[in-house]
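1. quick one, fold the following:
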Amino acid sequence: MTRPKTQSDEQVLEAAYRLMHADGPEALTFEKLARASGLSGSTLVQRFRNKTLLKQRTLLYAWDGLDRKTEQAAASVPRTPAGAIGLLVALSSGYGDIESYAEGLLVLREDLRDPMLRARGAAWKTALGRMLADCFAGVPGMPDDIGLLMAAHWQGSLLWWSFDPYDMDLAAYVEHSLTRFVSAVTKTSARRS
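-> As a prediction, this is how the structure comes out:
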């Protein structure tokens with residue numbers, strides 16, 4: 001099977017992201033991307049100029065995908081605390097095994113190094129926090145920042161899972177952890193009311 005001679009930037013960025021995620025950010029080179037995309041190295045340099053810009057465009061492409069995934073997951077769950085759990089469980093899919101998850105953390109390191117990518121992360125945090133808070137709108141006594149508190153708990157549960165990934169499936173671990181979180185905050189809120 002032969003590859004098409006031309007590929008859209010989106011197709012090339014998807015190939016670049018797969019390379020970064022599989023082998024770490026430093027594995028993304030024009031040479032490897034040329035092999036993965038079927039385009040010549042010179043064509044890729046014309047499109048992306050240098051490795052720094054290629055990496056940045058690749059990660060901006062990944063943020064666009066995460067924004068879409070988040071919006072789709074939020075639209076598919078009820079606006080209830082159980083819906084908030086469902087949203088975060090849905091966002092927990094696709095990490096793969098522990099090796100893939102660990103490589104993903106190396107990619108996250110690149111996001112933290114680049115101010116533009118950090119800004120995308122901050123915007124996603126705000127949007128996700130708002131979506132999660134909307135799921136608690138009908139629960140009296142919830143703190144204003146319940147969405148961010150839940151998102152922080154979710155991120156922590158992902159990290160804690162990674163230390164012992166063979167004990168429980170990631171989605172099950174996240175769901176169990178978030179269910180306990182929601183139970184604790186709603187009980188506390190009910191006592192205050």
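
2. helix or strand right after the helix or strand harbouring His153?
-> Remark: His153 resides in helix 146-163, with elements defined by DSSP states H and E. Following helix 146-163 in sequence order, the next helix or strand is helix 170-192 (DSSP H and E).

3. next, the angle from that next one to helix 146-163.
-> 140 degrees (axes from the mean of the first three to the mean of the last three C-alpha atoms, to 10 degrees).

4. now do Arg192, the pLDDT please.
-> Here, the pLDDT recorded for Arg192 equals 67.

5. ugh, wrong one, Ala137
-> 96.

6. so what pLDDT did the residue nearest the centre of the chain get?
-> With distances taken as C-alpha atoms, centre = their mean, Leu66 lies nearest the centre of the chain, 5.4 Å away. As predicted, Leu66 sits at a pLDDT of 97.

7. tell me the secondary structure at it.
-> Under DSSP: H, G, I helix; E, B strand; the rest coil, Leu66 falls in the helix class.

8. with adjacent residues omitted, what lies nearest to it?
-> Nearest residue to Leu66, sequence neighbours excluded (C-beta to C-beta, 6 or more residues apart in numbering): Trp124, at 6.4 Å. Quick note: C-beta positions are derived from backbone N, CA and C, even for glycine.

9. ok, the one you found - contacts?
-> By C-beta atoms under 8 Å, 6 or more residues apart in numbering, the contact list for Trp124 reads Trp63, Leu66, Asp67, Thr70.

10. as TSV, those residues with distance to Gly138 would be great.
-> TSV is the format used below for the contacts of Trp124 (distance: C-beta to C-beta, whole Å):
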residue	distance to Gly138
Trp63	31
Leu66	27
Asp67	26
Thr70	21
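
11. mind giving me the ChimeraX select for these, buried ones only?
-> Restricted to buried positions by 16 or more other C-beta atoms under 10 Å, the ChimeraX selection for those reads:
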select :63,70
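
12. relative to Leu158, which of the contacts of Trp124 is nearest.
-> Leu66 (13.9 Å; C-beta to C-beta).

13. quick one: that closest one from Lys51, how far?
-> Separation of Leu66 from Lys51 (C-beta to C-beta, to the nearest Å): 23 Å.

14. next one: Arg35
-> Going from Arg35 to Lys51 by C-beta to C-beta gives 16 Å.

15. kindly report the same for Arg130.
-> Counting by C-beta to C-beta, the gap from Arg130 to Lys51 is 35 Å.
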